[in-house]
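A.B. asks: No sequence on hand, only this structure:
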DNA sequence: TCCTTTAATGAGCAGACAGTCCATTACTGA
DNA sequence: TCAGTAATGGACTGTCTGCTCATTAAAGGA
C-alpha cells in the first residue's frame, strides 16, 4: 500500500472536483461559487465531496502543494542555468514568470471576488523567500529582527500590490518588465525610479 | 427639512446599530458577526435594520465618511502647522497617526477575520493620496501614466503591508517611527535602509 | 473469476443565516 | 391634537452548509 497507489475511483473523483472548481473560478470568480455549483459541474454526489474535502477552501488549497513544487523546480532550474545572476530579488522573477504562465488561474483569484485565502498563501510564500534572501544579503542586520521584518513586510506588500494591479488591469508588461520595475523600486527607491530614464 | 434635521428616532436607531457593530468587531472581529448578533446587541428589530442599511457591509461603510472627514481635517491641520515639511509622503504620516490613535478600531479590521471591504477602502484612499503627490513631485513622468501607476501601486502595497503587520503583531513602534521606516524604504530603497544605521 | 473491501450515491435532514413582508404600536413634530 | 412616519416582532421564503445512512457499484487481490 504505497503512497502513490490510491484507488482509481478516488483519483477520478478528486480530479473531477478539482477541474470543476477551476473552470468555475475562471467563469465567475471564487467567492460566489457554492459547493452545490461544484457538485453539479463535477457531477458528483454531495456526500462524496465531504468525504474528500472539508469545504471549498480545502479543495482549492489541496492543489497548492503542486504550485509550491512547481515553483521550487522553476527556481532550481533558474539557479543552475547559464545566465543566473545572484541577485537580491531574483526568486521573485520566477514568481512573476510563474504567475504570467498561469495567468488564467491567478487572475480570477486576484480579482475583487477572488480568494483571500490564496493571496494569503502566496503572501506567506513570498515573505519566506524575501526574508531568507535579505538575511543572506545583509547578515549584519540579522540581529535586529524587527527592522528586518519591517523591510520584509514592506517588500512583500509592494510585490503583492504590484502583482494584483498587473493581473487586474491587463497591464501590457511582461514578467521580466514587471520584475525590472519592481527591482528598481525596491533597491533604488521611488525617486530614482521616476527620474531615471 | 435641512440635511442635519433627521428624525430623532432615526438618529437613535442608527447610533445603536453603529455602536453595536463596533463593540462586536472589537470582541470577535468582523467576518463572523451576523446580522442577528448586531440586532441582539443593539436591541433593535430585524426589519428596522433593513430599513436603514442594505447589509452588514453597508452599516460598516456608513461610518466611513466620518473617517474621511477626520483624515482630511488632520491633514489640513498638519499642513498649516509650524513644522510642516513639504515631504513626498507626508500625508501618510497623518494616516499612520490616525491609525495609531484609533488602533482599537483598526486592529480587529486588519486581522485575519477582519474586513476586506475596509482595507480596500483605505487602500483606495491611500492610492489617491500617493498618486496625487507623485504627480505633483514628478511632473515629468505624468505623461507615462502606466509607469506612474506602477509606482503608486508599489508604494500603496508596501504601505498597507507594513501597516497591517504593525497592527497585527503589536510592534513597539510609534506612528512616527513607522513613518520614518516607511519613508526611508520608499525613497532610498532596501539596501540603503538595511545598511545605514 | 470470485469475493471482500471500499468508494460513490442520493435523498434527506437540521441548523444557520439573509432578506422580505405586514399588521400593529408608538413616537414625533407641526 | 393629530397626521405622518418610524419601530416592532414575528413569521416566512429561500439558500446554503455539513452530516447521516442505507444502497449500489466498482476495484483489485487471491
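C.D. replies: Received it, and whenever you're ready, just let me know what you need. Just so it is clear, the structure is predicted and the values come from calculations on it, not from any experiment.

A.B. asks: looking just at contacts, which helices and strands does the worst-scoring helix or strand of chain A on mean pLDDT meet?
C.D. replies: Among the helical and strand segments of chain A, the one scoring lowest on mean pLDDT, DSSP states H and E is helix A:64-80, with a mean of 88. Helix A:64-80 makes packing contacts with helix A:90-101, helix A:116-137 when contacts are defined by 3 or more Cβ pairs under 8 Å, 6 or more residues apart in numbering or on different chains; DSSP states H and E. (Each C-beta comes from the backbone N, C-alpha and C, glycine too.)

A.B. asks: and that helix with helix A:116-137, angle?
C.D. replies: 30 degrees (axes from the mean of the first three to the mean of the last three Cα atoms, to 10 degrees).

A.B. asks: Pull out the buried residues from helix A:64-80.
C.D. replies: A:67, A:71, A:74-75, A:78 (16 or more other Cβ atoms under 10 Å in any protein chain shown).

A.B. asks: Show the contacting residues for residue A:30.
C.D. replies: Contact analysis of residue A:30 by Cβ atoms under 8 Å, 6 or more residues apart in numbering or on different chains lists A:60, A:108-109, A:113-115, A:118.

A.B. asks: just to revisit the earlier point, so what's the gap between the least confident helix or strand of chain A and the chain middle?
C.D. replies: Using Cα atoms, centre = their mean, to the nearest Å, the distance from the centre of helix A:64-80 to the centre of the chain it belongs to is 12 Å.

A.B. asks: Same question for stretch A:87-103.
C.D. replies: Chain-centre distance of stretch A:87-103: 10 Å, with Cα atoms, centre = their mean.

A.B. asks: Flag every residue of chain A that's near chain B.
C.D. replies: Proximity of chain A to chain B, by Cβ under 8 Å from any Cβ of the partner chain, involves residues A:88, A:116, A:134, A:138, A:140-141, A:146-151, A:153-162, A:164-165, A:171-173, A:181-182, A:185-195.

A.B. asks: Return the member of the buried residues of helix A:64-80 nearest to residue A:127.
C.D. replies: Closest approach to residue A:127 among the buried residues of helix A:64-80 (Cβ to Cβ): residue A:71, at 13.9 Å.

A.B. asks: Tell me the confidence at the nearest residue to that closest one once chain neighbours are set aside?
C.D. replies: Taking Cβ to Cβ, 6 or more residues apart in numbering or on different chains as the measure, residue A:71 lies nearest to residue A:98, with 5.8 Å between them; neighbours along the chain are not counted. Residue A:98 carries a pLDDT value of 95.

A.B. asks: repeat for residue A:85
C.D. replies: The score at residue A:85 is 61. That number is its pLDDT.

A.B. asks: shaky segments in chain A?
C.D. replies: Scanning chain A with the threshold set as pLDDT under 70 gives A:1-5, A:82-86, A:88, A:142-143, A:197.

A.B. asks: Could you show which parts of it are in contact with DNA strand C?
C.D. replies: Proximity of chain A to DNA strand C, by Cβ under 7 Å from any atom of the strand, involves residues A:7, A:9-10, A:12-13, A:43-48, A:51-52.

A.B. asks: now these: which count as buried?
C.D. replies: Neighbour-count burial (16+ other Cβ under 10 Å) is assigned, among the residues of chain A next to DNA strand C, to A:13, A:44.

A.B. asks: just the residues of chain A next to DNA strand C that are near DNA strand D?
C.D. replies: When contact is defined as Cβ under 7 Å from any atom of the strand, the residues of chain A next to DNA strand C meet DNA strand D at A:7, A:9, A:46-47.

A.B. asks: Same question for the top helix by length along chain A: list its buried residues.
C.D. replies: Residue-count comparison of every helix in chain A, with assignments taken from DSSP state H, identifies helix A:145-168 as the longest. By neighbour count, with 16+ other Cβ under 10 Å as the criterion, the buried positions of helix A:145-168 are A:147-167.

A.B. asks: Go ahead and report the secondary structure state at residue A:87.
C.D. replies: In the three-state summary, residue A:87 is assigned as coil, counting by DSSP: H, G, I helix; E, B strand; the rest coil.

A.B. asks: Can you report how many residues neighbour it?
C.D. replies: Per other Cβ atoms under 10 Å in any protein chain shown, the neighbour tally for residue A:87 reads 14.

A.B. asks: Skip the chain neighbours and tell me the closest residue to it.
C.D. replies: Ranked by Cβ to Cβ, 6+ apart and with sequence neighbours excluded, the top spatial neighbour of residue A:87 is residue A:183, at 7.5 Å.

A.B. asks: That neighbour contacts residue A:89, doesn't it?
C.D. replies: Yes. Under the criterion of Cβ atoms under 8 Å, residue A:183 is in contact with residue A:89, at a separation of 5.5 Å.

A.B. asks: And those two? Which one has more around it.
C.D. replies: residue A:89 (21 against 18).
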